[in-house]
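**Student:** model the following, please.
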Amino acid sequence: MSFQAYLDNVETRTGLTPRQLVDAAHEQGFDLGSKAGPVVAWLRETYGLGHGHAAAVAHVVTKGDRISGRHVGSEGTHRDSSDRLWLDGKDSRPADW
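**Tutor:** I've put the predicted structure just below:
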């Protein structure tokens, strides 16, 4: 599953866009540079997310919307089309994103 797919699935499960979850994390005092473990724990407890989905959101909270280009354009299961993640909701993502 691609990184973006994880975020899309989190949106489906919670009803909140990744950006809304990032904003909620900021309200809890988590920000860029925070340790991922406490963010993951908070997401699991508060939203009932599994570890992988919580870790994907925690990455965005603690490191921003960029990911490694290692899988961009690759043929593997974890391929993403861009090294930048769309945070404003899967239904609003441009077709060419």
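**Student:** okay, CA-based contacts and neighbour counts for the rest of this
**Tutor:** Will do.
**Student:** what comes up buried for whichever strand or helix holds Arg19?
**Tutor:** In this assignment (DSSP states H and E), Arg19 forms part of helix 18-27. Within helix 18-27, the residues scored as buried using 16 or more other Cα atoms under 10 Å are Pro18, Arg19, Leu21, Val22, Ala25.
**Student:** how near is Arg13 to Phe30?
**Tutor:** Distance, Arg13 to Phe30, by Cα to Cα, to the nearest Å: 21 Å.
**Student:** who's more crowded, those two?
**Tutor:** Comparing Arg13 with Phe30 by other Cα atoms under 10 Å, the one with more neighbours is Phe30, at 20 against 13.
**Student:** help me confirm that that one comes into contact with Val61.
**Tutor:** Yes - between Phe30 and Val61 there is a contact at 7.1 Å, judged by Cα atoms under 8 Å.
**Student:** what inclination does the following helix or strand past the helix holding Arg19 have with respect to helix 18-27?
**Tutor:** The element immediately downstream of helix 18-27 (helix or strand, assigned by DSSP H and E) is helix 36-47. If you take axes from the mean of the first three to the mean of the last three Cα atoms, to 10 degrees, helix 36-47 sits at 110 degrees to helix 18-27.
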